[in-house]
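> Task: produce atomic coordinates for the following.
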Amino acid sequence: VRALRSLLALDGVPATAWPTVQQLATAVDAPRAEVVSALDNAARRWRRNPEFAQVRDLLVSVIAAQGGVVGVEEAAAALTFRLGSAREGDARRAVATGLVRAVVEGDVRSQVPSLVTRRLTDDAGATRTVMLAVSDDAAVEAAVSGEAALDMAARLGEVADRLAETRSVTAPGRAAEEVRGAAAGALPASAQLGDDRLLRIATAAAARAALSSRGELYPRDLDPAEAVVLALRGITARTLTRERARERVIGRFPVVGPLPEGPAFDQLVMKAPLCTGTGSATPRRSSPRRRRRRRSPRSAARW
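Below you'll find the model as predicted:
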């Protein structure tokens, strides 16, 4: 029971998002064979539940609609969006991931599985993500399926990582061209997958690359100072507050290192080539009369 609760993240956010059977056994201090037996019994119960079939069919249709392959985070987010959740933040993501895992564990033990998965590991052998694809026998149509879909995703992830290693930000056109070329040999002639979808598959499978809101590829460890300069370049300083500046940075680079707070963040903004109407990035000062009438709080600092 403890192993299943850990698998489903019912007792808190687990240390590993998609633990192996051995990791589950270690976490609950139980023999590996006992955990395998518990999973087998639970999977049989889940498959007899009509709601399980509904969730499995929903997940399969979501993956098929996205071209046939997704990362586990995207799968979990899709189920949360469609089914709702009473939890928030990390707990919500963990439970949704646990639901995806339950569907996979039940499905893989069926006579005709609808899903195939692949665990992607880092250099040390630890799981960093899991990719899911509709199986070749699934009762849905997808652009690509089965092991071919997983192979394509892994190849796209390698391309994205290579680009992220060679430059800080890869322009949308170049990024799309690279992943399109890598996918060409894996996609059937009749398959239609847009550049945005290919880029999302690539970054879901990548170890180091992330996707910006503009379709750029960039390293997950992009220097926050560089992210600020890139995100605020050309922005009109007269309308920029600290909150808006942070929103613009995170909006463009969703995966970025921690941004500094307060004056330290202000200093980064001052380095950005802001548009002030005079060609200068010097902060605009309020008049003494205006300051007496209304003093802006520190959190709403303007540049």
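> ok, now which ones touch residue 24?
Residue 24 makes contacts with 3, 6-7, 35, as judged by C-beta atoms under 8 Å, 6 or more residues apart in numbering. C-betas here are computed from N, CA, C, even on glycine.
> Okay, strands next: where are they in this structure?
Along the chain, counting by DSSP state E, strands occupy 69-71, 115-121, 127-134, 209-211, 217-219.
> Residue 178: which of those strands is closest?
strand 217-219 (8.2 Å; C-beta to C-beta).
> who's in contact with the closest one?
160, 163-165, 168-170, 175, 199, 202-203, 208-212, 253.
> Please pick the buried ones from those residues.
160, 163-164, 169-170, 175, 199, 202-203, 208-212, 253 (16 or more other C-beta atoms under 10 Å).
> ok, which pair from those residues is furthest apart?
It's 202 and 253 that sit farthest apart of those, by C-beta to C-beta, at 16.4 Å.
> Point out where this structure drops to low pLDDT.
The chain contains residues with pLDDT under 70 at 189-190, 237, 275-303.
> just the helices in it please.
2-7, 21-28, 32-48, 50-65, 72-83, 89-108, 146-166, 172-184, 195-205, 224-232, 242-252, 262-270, 288-293 (DSSP state H).
> in the fourth one, what counts as buried?
The one in question is helix 50-65. Applying a neighbour-count criterion of 16+ other C-beta under 10 Å, one finds 52, 55-56, 59-64 buried in helix 50-65.
> Using CSV, lay out those residues together with distance to residue 268.
Shown next, in CSV, are those (distance: C-beta to C-beta, whole Å):
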residue, distance to residue 268
52, 49
55, 44
56, 47
59, 41
60, 45
61, 44
62, 39
63, 40
64, 43
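> and which of these is nearest to residue 70?
For those, the nearest to residue 70 is residue 63 (5.2 Å; C-beta to C-beta).
> was I right about that closest one contacting residue 75?
Yes. Between residue 63 and residue 75 there is a contact under C-beta atoms under 8 Å: 6.8 Å.
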